[in-house]
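A.B. asks: Any chance you could fold what I've pasted below:
(4 chains)
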Number of protein chains: 4
Amino acid sequence: MKKVILSEMAEITPRFSEVDSLGIVWHGNYLKYFEDGREAFGAKYNLGYLEVFNQGFLTPLVKINCDFKKILKYGDKAIIKATYIDCEAAKITFKYLILKKDTEEVVATGESVQVFLNGKGELHLTIPPFFAEWKKKWGITT
Amino acid sequence: MKKVILSEMAEITPRFSEVDSLGIVWHGNYLKYFEDGREAFGAKYNLGYLEVFNQGFLTPLVKINCDFKKILKYGDKAIIKATYIDCEAAKITFKYLILKKDTEEVVATGESVQVFLNGKGELHLTIPPFFAEWKKKWGITT
Amino acid sequence: MKKVILSEMAEITPRFSEVDSLGIVWHGNYLKYFEDGREAFGAKYNLGYLEVFNQGFLTPLVKINCDFKKILKYGDKAIIKATYIDCEAAKITFKYLILKKDTEEVVATGESVQVFLNGKGELHLTIPPFFAEWKKKWGITT
Amino acid sequence: MKKVILSEMAEITPRFSEVDSLGIVWHGNYLKYFEDGREAFGAKYNLGYLEVFNQGFLTPLVKINCDFKKILKYGDKAIIKATYIDCEAAKITFKYLILKKDTEEVVATGESVQVFLNGKGELHLTIPPFFAEWKKKWGITT
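C.D. replies: Numbering: from 1, shown residues only, chains lettered A, B, ... in the order given. Reported below is the predicted structural model:
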């Protein structure tokens, strides 16, 4: 059986204010680009922040990492790709890839893990029903 | 009668990430420094964001301006001074002054105006009682 | 003679990280949107930061102001419009307008003034030749 | 022989603008706090950005990670602790610890790796002499 891979891409145009005194995008801004990728994914696959919120859950990040391979300069265009990585735990994991738009060189890679908090702010240890349905809907689980 | 002038100062250490590719603090970051000044003022004179919130009000900005006189570089230290400017309207006005810490040169000046929103998000056109008391307490009005 | 008005618009999608604890875009982020407008303008009319830099000039901001009329929430889309305002001095002035994309309500207005610094970082008191030509090219002066 | 551990702490006061619509510090801001820790370390042990730059080197980040354990709210004070982790390669590694100032609860942990670029922007594969001396000076190597 073919494994379903869900991902989405978005274009990034680094802002002047995101470039540091070395003339390159300051590394911390990559977490904004990761979030841009996560939101583009959410918009495509109905997993946006507000959609999750309306189900009574928040999904704060508990872990993030980033490997910086190439620099981005002012004027560069880039692509952020966010790919959902399924697991059996009550977590949402994404892998990220930032590419230069013209050369497709890998600028950065990364990964994030989010957990589910219910309306009381308590950690939800099992997969919430809405998320189990989401997985079915998109063919990740059967 | 001597007019009461309330003001407070705070030290600013520009972050590496706040410096742009010209090697100077990106202009938009000055609004963060103004906010640093406003918060230092609020902490000194019991007008912090949470104190106002606990009175049932929000005080969003409706106007801000900034004049840039000198640059700040990475490694510079600066002082932000926020001064409360009284008026009869239901508004909170601050004047700002950013100085280089060592030379006391004026780096920037500015002004902001905030209004009062009640718990329903409606504009409060008269001075809220808690703010009238605040003015009395600090000798601004008699 | 018809006066030439040069302007450009760009779409703004507020980031999750740009929204504050009141659920609205933090006011300081509007200066980023103004810069987005300035850059869209520069891209359309050959007045981008790098184009000016390659002519041997920097154009730092000396003045900016913003009036906040309506709030932007997470999920809102907006339009930033930057309009060049000509003057006889050696300055670049822009007016800004931020509109909600769906209702076209005015979210904010503003204005910025930039000056010319030459390669030595000295203020250039007369209009640089490249900028005089730019004005002619776009029909602002004859 | 006792192993030398070099570390430095700095206080963090989250800005209003760093708090997101959930009322907690937006995760990406932790990378700024890590940098605050790195800079406090650099100031104490003569390894600041400008000191390294004056030796002809840049030390861009190639890897960073962060584990989020507890949230920080507006009004919280925190402590960032940066600890230098020695290795034989031409790298600078730091471990980070963010603690709540009052309860000393662990808010976040993290690690970053930096490499050396020479003045031409080329990766320096061996430890630069100035850094070897730095290690000796502080008793890390003999």
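A.B. asks: which bits of chain A sit near chain D?
C.D. replies: With the criterion set to C-beta under 8 Å from any C-beta of the partner chain, chain A comes near chain D through A:22, A:24, A:27-28, A:31-32, A:35, A:58, A:60-69, A:71. (Each C-beta comes from the backbone N, C-alpha and C, glycine too.)
A.B. asks: Any of those buried? List them.
C.D. replies: A:22, A:24, A:27-28, A:31-32, A:35, A:58, A:60-68, A:71 (16 or more other C-beta atoms under 10 Å in any protein chain shown).
A.B. asks: Sort out for me which of these are in helices.
C.D. replies: Using DSSP state H, A:31-32, A:35 are the members of those that sit in helices.
A.B. asks: just those residues now: which is nearest C:Lys120?
C.D. replies: Comparing these against C:Lys120 with C-beta to C-beta places A:Lys32 closest, at 35.0 Å.
A.B. asks: Tell me where chain A has helices.
C.D. replies: Using DSSP H, helices in chain A cover A:30-45, A:49-54, A:129-137.
A.B. asks: Switch these over to CSV; also include mean pLDDT and distance to D:Leu123.
C.D. replies: Below are these laid out as CSV (pLDDT from 0 to 100; distance: least, C-beta to C-beta, whole Å):
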stretch, mean pLDDT, distance to D:Leu123
helix A:30-45, 97, 20
helix A:49-54, 92, 39
helix A:129-137, 96, 42
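A.B. asks: hmm, back to that, just the buried ones among the residues of chain A next to chain D: which are in strands?
C.D. replies: Judged by DSSP state E, strands contain the following of these: A:61-68.
A.B. asks: where does chain A come near chain B, residue by residue?
C.D. replies: Chain A comes close to chain B at residues A:16-17, A:19-23, A:26, A:28, A:74, as judged by C-beta under 8 Å from any C-beta.
A.B. asks: Filter those down to the buried ones, PyMOL style.
C.D. replies: If you want just the buried ones from these in PyMOL, going by 16+ other C-beta under 10 Å, the selection is:
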select buried, chain A and resi 16+17+19+20+21+22+26+28+74
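A.B. asks: quick one: is the worst-scoring helix or strand of chain A on mean pLDDT near chain C?
C.D. replies: Lowest on mean pLDDT, DSSP states H and E among the helices and strands of chain A sits helix A:49-54, with a mean of 92. Yes: Helix A:49-54 lies within reach of chain C by C-beta under 8 Å from any C-beta, at A:49-50.
A.B. asks: And the contacts of that helix?
C.D. replies: A:39, A:42, A:58-59, C:16, C:74-75 (C-beta atoms under 8 Å, 6 or more residues apart in numbering or on different chains).
A.B. asks: 6 Å instead, please
C.D. replies: A:59, C:75 (C-beta atoms under 6 Å, 6 or more residues apart in numbering or on different chains).
A.B. asks: And that helix, how far out from the chain middle?
C.D. replies: In this view, helix A:49-54 has its centroid 15 Å away from the chain centroid, taken as C-alpha atoms, centre = their mean, to the nearest Å.
A.B. asks: cool, stretch A:54-73 as well?
C.D. replies: Centroid separation for stretch A:54-73 versus its chain: 6 Å, with C-alpha atoms, centre = their mean.
A.B. asks: before we move on, what about stretch A:89-98?
C.D. replies: In terms of C-alpha atoms, centre = their mean, the gap separating the centre of stretch A:89-98 from the centre of its chain is 6 Å.
A.B. asks: same question, stretch A:16-31
C.D. replies: Distance of stretch A:16-31 from its chain centroid, counting by C-alpha atoms, centre = their mean, is 19 Å.
A.B. asks: gap between the two ends of that stretch?
C.D. replies: Chord length of stretch A:16-31, first to last residue, is 17 Å (C-alpha to C-alpha, to the nearest Å).
A.B. asks: Quick one: end-to-end distance for stretch A:50-64.
C.D. replies: Stretch A:50-64 has an end-to-end distance of 21 Å (C-alpha to C-alpha).
A.B. asks: Do me a favour and get the end-to-end distance for stretch A:106-124?
C.D. replies: End to end - C-alpha to C-alpha - stretch A:106-124 spans 35 Å.
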